[in-house]
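**Student:** for reference, the sequence and a predicted model appear below.
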Amino acid sequence: LLKENLLKVNEFCSSVHTEEEYRKAMNNLFRPLFLDGITMLELAGEITLADGFKDLQGAYMMFLRGDKEGKLADHLSLDKLHDLVGQYIQLIAKVLEVKK
């Protein structure tokens, strides 16, 4: 699901949207990464990874509080997001492997 979400975020960030579309995307696309994901990582003691997501969360919120001109991809590092999601997926895989 994280990979699917990341693909949708990439697509969303690559074009300009209306205020309503940004509002809907906040819960549908970004909440799993920038709210729920951060909380889960902190609970797992993965503070450095959580902090990486917090940095992107800050850039995202700054964009939403601003004039929202241009594409979100111009304000949010998708490369960093890909890296962080990759680390998150690896962490989940490790946890699942340990539970086997």
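**Tutor:** Done, it's in. As the structure is a prediction and not an experimental result, all values here were calculated from the model.
**Student:** contacting residues for the most centrally placed residue in the chain?
**Tutor:** Of all residues in the chain, the one closest to the mean position by Cα atoms, centre = their mean is residue 33, 3.7 Å from it. Contact partners of residue 33, counting by Cβ atoms under 8 Å, 6 or more residues apart in numbering, are 5, 9, 53, 56, 81, 85. Quick note: C-beta positions are derived from backbone N, CA and C, even for glycine.
**Student:** swap in residue 72?
**Tutor:** 12-13, 17, 60, 63 are the contacts of residue 72 under Cβ under 8 Å, 6+ apart.
**Student:** buried ones in the longest helix along the chain?
**Tutor:** Counting residues, the longest helix in the chain under DSSP state H turns out to be helix 78-99. Of the residues in helix 78-99, 81, 84-85, 87-88 count as buried by neighbour count, 16 or more other Cβ atoms under 10 Å.
**Student:** just checking, what packs against it?
**Tutor:** helix 2-13, helix 37-43, helix 47-65 (3 or more Cβ pairs under 8 Å, 6 or more residues apart in numbering; DSSP states H and E).
**Student:** can I get those in TSV with mean pLDDT?
**Tutor:** Formatted as TSV, those follow (pLDDT from 0 to 100):
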stretch	mean pLDDT
helix 2-13	95
helix 37-43	96
helix 47-65	96
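**Student:** redo the ones you listed as CSV? Include distance to residue 97.
**Tutor:** Conversion of these to CSV gives the following (distance: least, Cβ to Cβ, whole Å):
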stretch, distance to residue 97
helix 2-13, 17
helix 37-43, 18
helix 47-65, 18
